[in-house]
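*Asks:* Pasting the sequence and the predicted coordinates here, then a few questions.
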Amino acid sequence: MKWALALLLGLACSWGSADTPSFSLVFAGDTTLDDAAGALIARGGDPLAAVAPLFASADVRVANLECVVATTGEPVDKNYTFRAHPQVLPVLRRHLDGVTLANNHSGDYGRAAFAEMLGWLQAANLAQAGGGRNLSEAHAPWLVELAGLRVALLSYNEFMPRSFEADHDAPGIAWSEDEQVVADIQRARQQHRADLVVVFMHWGWENESTANGRQRQLARLLINAGADAIIGGHPHVTQDVELYQDKPIIYSVGNFVMKETDNDRQRQAWVLRMTFDRAGASGFSTYPVRLDDDGIPYPDPHRQSPCWQRGQGEPDLCTH
């Protein structure tokens, strides 16, 4: 309770002002609900209860849904496949407004199961970015109207091999093709009249705590195209953060709900809170969480993690 109260007071004092329209976005990393977390939900529990205060006061709440939610399909030929029962979605909706789907596990049970998931998400009133029943839908932005601003949220997968990409007549995810992503950002600005564009990337190498050259090159390309912030995941560990043209790049927030972890670094993650106004991102904080043996997240408030506010220069380390 003390931790939750301190968080809420800190947010009230640190973010925005009454005369500057602003909003906050919270993003959590790779979330699988097929194992212990799904079993907990089936028993009437809530695997996100301990970290609920991190989401409660945010305007937009998002996580990367790293599993298919369906009752049909057969597992594809790969080392790990994740499928959760649709009964998990009401609990997810309690804490989230939407999910990103452009990752390397959305297709674990085939296209029919993925299409089924799109229907379940819609029924649960959970928005999504990065997936669709065809190529056009997969690349369409999730549009949100907040504080008098129109915000476009886009999601892409770049984990090789290139697979489960949406096609003109087939469901799937949005693949990170440079020219296509640049065109999507420009379309969000011009056609959809977005004031702000946030891009979620599934990229990088697993267990690498530093972003690689391709991630850095792509992040700069997307910001040059008009993105206001880049938020990443997939490596299963947190990675470095940086500013480019005074726009934040969070290369990886790590896992969020994940039983299948290989080392302790994969059990240390961040929940990201970023604030925006008409000029773009005005600041961010990363709130450390630790996953238990069942992959359930709990606050880890004494661990330092990156933070930044516009005007301070480079990101710093904070303790929450």
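*Replies:* Done, it's in.

*Asks:* Verify the contact between His202 and Leu154 for me.
*Replies:* No - in this structure, His202 is not within contact of Leu154 by Cβ atoms under 8 Å, at 11.9 Å. Using the backbone N, CA and C atoms, a C-beta is placed for each residue, glycine as well.

*Asks:* Neighbour count: these two, which is higher?
*Replies:* His202 (29 against 26; other Cβ atoms under 10 Å).

*Asks:* Next up, phi/psi of that one, please.
*Replies:* The phi and psi torsions at His202 (degrees, to the nearest 10) take the values phi -110, psi 110.

*Asks:* And the one 4 residues further on, by the same measure?
*Replies:* Note on Glu206: its backbone torsions stand at phi -60, psi 140 [degrees, to the nearest 10].

*Asks:* neighbours around it, how many?
*Replies:* Considering only other Cβ under 10 Å, Glu206 is surrounded by 12 other residues.

*Asks:* per-residue confidence at it?
*Replies:* pLDDT recorded at Glu206 is 96.

*Asks:* Flag every buried residue along the strand ranked longest in the chain.
*Replies:* Assignment by DSSP state E gives strand 280-291 as the longest strand of the chain. Across strand 280-291, burial judged by 16 or more other Cβ atoms under 10 Å covers Gly280, Ala281, Ser282, Gly283, Phe284, Ser285, Thr286, Tyr287, Pro288, Val289, Leu291.

*Asks:* In space, what's closest to the fifth one - neighbours in sequence excluded?
*Replies:* In this structure, Phe284 finds its nearest non-sequential neighbour in Met274, 4.2 Å apart by Cβ to Cβ, 6 or more residues apart in numbering.

*Asks:* Please, which helix or strand holds that neighbour?
*Replies:* Under the criterion of DSSP states H and E, Met274 resides in strand 268-277.

*Asks:* ok and that strand relative to strand 280-291, angle-wise?
*Replies:* If you take axes from the mean of the first three to the mean of the last three Cα atoms, to 10 degrees, strand 268-277 sits at 160 degrees to strand 280-291.

*Asks:* Remind me what strand 268-277 packs against, helices and strands.
*Replies:* strand 22-31, helix 52-56, strand 149-157, strand 229-233, strand 247-250, strand 255-257, strand 280-291 (3 or more Cβ pairs under 8 Å, 6 or more residues apart in numbering; DSSP states H and E).

*Asks:* Distance to His168 and mean pLDDT added to the ones you listed, as CSV?
*Replies:* Shown next, in CSV, are those (distance: least, Cβ to Cβ, whole Å; pLDDT from 0 to 100):
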stretch, distance to His168, mean pLDDT
strand 22-31, 29, 98
helix 52-56, 36, 97
strand 149-157, 18, 98
strand 229-233, 28, 99
strand 247-250, 32, 99
strand 255-257, 33, 98
strand 280-291, 34, 98
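
*Asks:* Output the ones you listed in CSV; the columns should cover distance to Cys318.
*Replies:* Below are the helices and strands packed on strand 268-277 laid out as CSV (distance: least, Cβ to Cβ, whole Å):
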stretch, distance to Cys318
strand 22-31, 16
helix 52-56, 14
strand 149-157, 25
strand 229-233, 18
strand 247-250, 14
strand 255-257, 20
strand 280-291, 6
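
*Asks:* Out of those, which one sits most buried?
*Replies:* With neighbours taken as mean count of other Cβ atoms under 10 Å, the helices and strands packed on strand 268-277 reach their highest mean count in strand 255-257, at a mean of 30.

*Asks:* need the contact list for Leu153.
*Replies:* Residues near Leu153 by Cβ atoms under 8 Å, 6 or more residues apart in numbering: Val60, Val62, Gly98, Ala129, Pro141, Trp142, Leu143, Val144, Val198, Phe200.

*Asks:* who's in contact with the fifth one?
*Replies:* It stands for Pro141. Per Cβ under 8 Å, 6+ apart, neighbours of Pro141: Ala129, Ala152, Leu153, Leu154, Asp184, Ala188, His192, Ala194, Val197.

*Asks:* For Pro21, state which of the residues you listed is nearest.
*Replies:* Ala194 (15.5 Å; Cβ to Cβ).

*Asks:* any low-confidence regions in the stretch 1-150 of the chain?
*Replies:* 1-19 (pLDDT under 70).

*Asks:* residue boundaries of the helices in it?
*Replies:* Using DSSP state H, counting those that start in this stretch, the helices assigned to the stretch 1-150 of the chain run over residues 2-14, 36-42, 52-56, 89-95, 110-123, 135-138.

*Asks:* Contacts for the fourth one next, please.
*Replies:* For helix 89-95, the surrounding residues in contact (Cβ under 8 Å, 6+ apart) are 33, 41, 46-48, 52, 55, 61, 63, 65, 69, 99, 120-121, 123-126.

*Asks:* Thank you kindly, that will do.
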